[in-house]
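Colleague: Model the following, please.
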Amino acid sequence: MTTYTGVADLNGDFTVPFSSAYTSGQKVTVTAEKDAETKTIELFAPSEVVGGGVIQFSGNMNNFPLNVGVITLTGEIAGVIQANALRATAQNNHIFFRATGLILKGDVTEIGDNAFKDWYYASVLELPNSLNKIGQYSFERFGSSSAIAFNCILPNSVNVLLDYCFHYAGFTGFDIGLGVATIPAYAFGYTGKLENFNYRNVTTVKGSAFYFSNLKYNLIPNTVTTIESGAYQFAKSVEVNTGNGITQITSFAFANNTLCQKFTIGLNVSSILASGLASLSACNELICLPISPPSLINASALNGLKATCVIKVPAASLTAYQAAAFWSAYSAQMVGI
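Modeller: As a prediction, this is how the structure comes out:
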C-alpha cells in the first residue's frame, strides 16, 4: 500500500496523486491528522458509466420524474428480468408510471410476471430478438393512458405468452411475430384502442383472449384452427371473418359483438354452440360460407340477430338453410349467393 503525506491549504483542501488510474470501484483511505487527532474517510471511484448507465432516459431531469421520456435498458441486461422488476405504482409521480416508452436491449430471454405493469403513459415498446417468454401481466396497462397511437411488433423469437400479458394495454396495432402459436386467456382483454392485429402463425385463441377488446377489423386467418369459449366476447369489432380454419364456433365466442356490421362464418364451420353468435344486434350482413348449414345447438346460437340483417348463404344450399333446425326462424332473411 502506498502512503502519501501532504499538507492541506488554508481551506483544508489537498491533492492525492496516483501513479496509475483510479479505477472503477477502487477504494482509497484518506487519514487527516491535526493536533495529534486523526480522522479517516474512505473514497470509492464511481463505477464506469457509459452513455447514462444501464438505465437511460431520453428526456430530462427537470421536475423529475415527470419528463424522463423513453427508458432504455442497455445491452448489459441479460437473462431473465424478474417478476415485478420495473413495475410502476399507479401514482402520478412514479418514475415508470411517467415513462413514455421502453426500449429493451441485450440478451434478455424472459420477462417475468408484472415486470413492466402499469406503465400508463408509454407509447414505445421495442423488445430484443433474444426474447422467448413473456409472463403474466408483464405489460398490463402498458400505454393505456397514452394520447399517442402506437404499434407493437413482437420479435420472432418469442414463442410463449402467458395469461393477461397485454391486458388493458394501449396499442392500436399489434404484430404477434412468427413464433407464437397460442394466444393465452385474457392476453389482449380490454385492449380498448386495438384496431388491427396480425395473427401470423397463431393456431389457437384461448378463452377470453380478446374479451372486451376494440379489435376493429377481426379478420382471422385460416391458420387459426381453435377458438375457445368467449374468446372475442364483447369485442367492439365492426367486421369479423372467422377464417376457414375452424370447424366450430364455441359458446359465447363472438357473443355481444354489438358493433359488428358484417360477420362471415368460415367455410368449414359445422357447428355453433350456445350463444356463439348471440347479440350481433348491429349486424347488417351475415355471410355463411359452409355448403351445409352448421348445426345450431339451440336458438341462443343466433339470438339477438336483428330482423333486417341479410343472411347470405350458398345459392345451392338456400333451401337447406331455410329448413334447418333453428336456422328456419330466419328463413325470410336469407338470400342465395
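
Colleague: right, and the helix or strand after the least confident helix or strand in the chain by mean pLDDT?
Modeller: Using mean pLDDT, DSSP states H and E, strand 37-44 stands out as the lowest-scoring helix or strand of the chain, at a mean of 65. Downstream of strand 37-44, the first helix or strand assigned by DSSP states H and E is strand 55-57.

Colleague: What helices and strands are in contact with that following strand?
Modeller: Packing partners of strand 55-57 (3 or more C-beta pairs under 8 Å, 6 or more residues apart in numbering; DSSP states H and E): strand 70-73. Where C-beta positions appear, they are placed from N, C-alpha and C, glycine not excepted.

Colleague: From the contact counts, what lies against the strand it packs on?
Modeller: strand 55-57, strand 101-104.

Colleague: Which helix or strand lies directly C-terminal to that strand?
Modeller: Using DSSP H and E, the helix or strand that follows strand 70-73 towards the C-terminus is strand 78-81.

Colleague: Partner strands of that next one, with direction?
Modeller: Strand 78-81 sits in its sheet next to strand 107-111 (parallel), going by DSSP bridges.

Colleague: Extract the CA atoms of the strand it pairs with and return them as PDB.
Modeller: Provided in PDB are the C-alpha atoms of strand 107-111 (Å, rounded to 0.1, in the frame of the first residue of the first chain):
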ATOM      1  CA  ASP A 107     -29.700 -10.800 -24.300                       C
ATOM      2  CA  VAL A 108     -32.900 -10.900 -22.300                       C
ATOM      3  CA  THR A 109     -34.700 -14.300 -22.700                       C
ATOM      4  CA  GLU A 110     -37.600 -14.000 -20.400                       C
ATOM      5  CA  ILE A 111     -39.800 -11.200 -18.900                       C
END
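
Colleague: contacting residues around it?
Modeller: 75, 77-81, 127-128, 130-135, 138 (C-beta atoms under 8 Å, 6 or more residues apart in numbering).

Colleague: again with stretch 197-210
Modeller: With C-beta under 8 Å, 6+ apart as the criterion, stretch 197-210 contacts 163, 173-189, 191, 215, 218, 220-221, 223-233, 235, 245.

Colleague: What subset of those residues is buried?
Modeller: 163, 174, 176-177, 179-180, 182-189, 191, 215, 218, 220, 224-233, 235, 245 (16 or more other C-beta atoms under 10 Å).

Colleague: quick one, domains of this protein?
Modeller: 1-48, 54-215, 239-337 (automatic domain parsing).

Colleague: coming back round to it: where does confidence bottom out across the contacts of strand 107-111?
Modeller: Within those, pLDDT reaches its minimum at Gly75, with 79.

Colleague: unless I'm mixing things up, that one is touching Leu104, no?
Modeller: No: look at Gly75 against Leu104 with C-beta atoms under 8 Å: they stay out of range, at 10.0 Å.

Colleague: the more surrounded of these two?
Modeller: Comparing Gly75 with Leu104 by neighbour count (other C-beta atoms under 10 Å), the higher total belongs to Leu104, at 21 against 12.

Colleague: tell me the contacts of that one?
Modeller: Leu104 makes contact with Thr72, Leu73, Ile77, Glu126, Leu127, Pro128, Leu131, according to C-beta under 8 Å, 6+ apart.

Colleague: Same check on Val70?
Modeller: Taking C-beta under 8 Å, 6+ apart as the test, what Val70 contacts is Phe57, Ser58, Gly59, Ala99, Thr100, Gly101, Leu102, Ile103, Val124.

Colleague: From Lys216, how far off is the residue nearest to it when sequence neighbours are not counted?
Modeller: Leaving aside its sequence neighbours, Val70 sits nearest to Gly101 (C-beta to C-beta, 6 or more residues apart in numbering; 3.7 Å). Going from Gly101 to Lys216 by C-beta to C-beta, to the nearest Å gives 24 Å.
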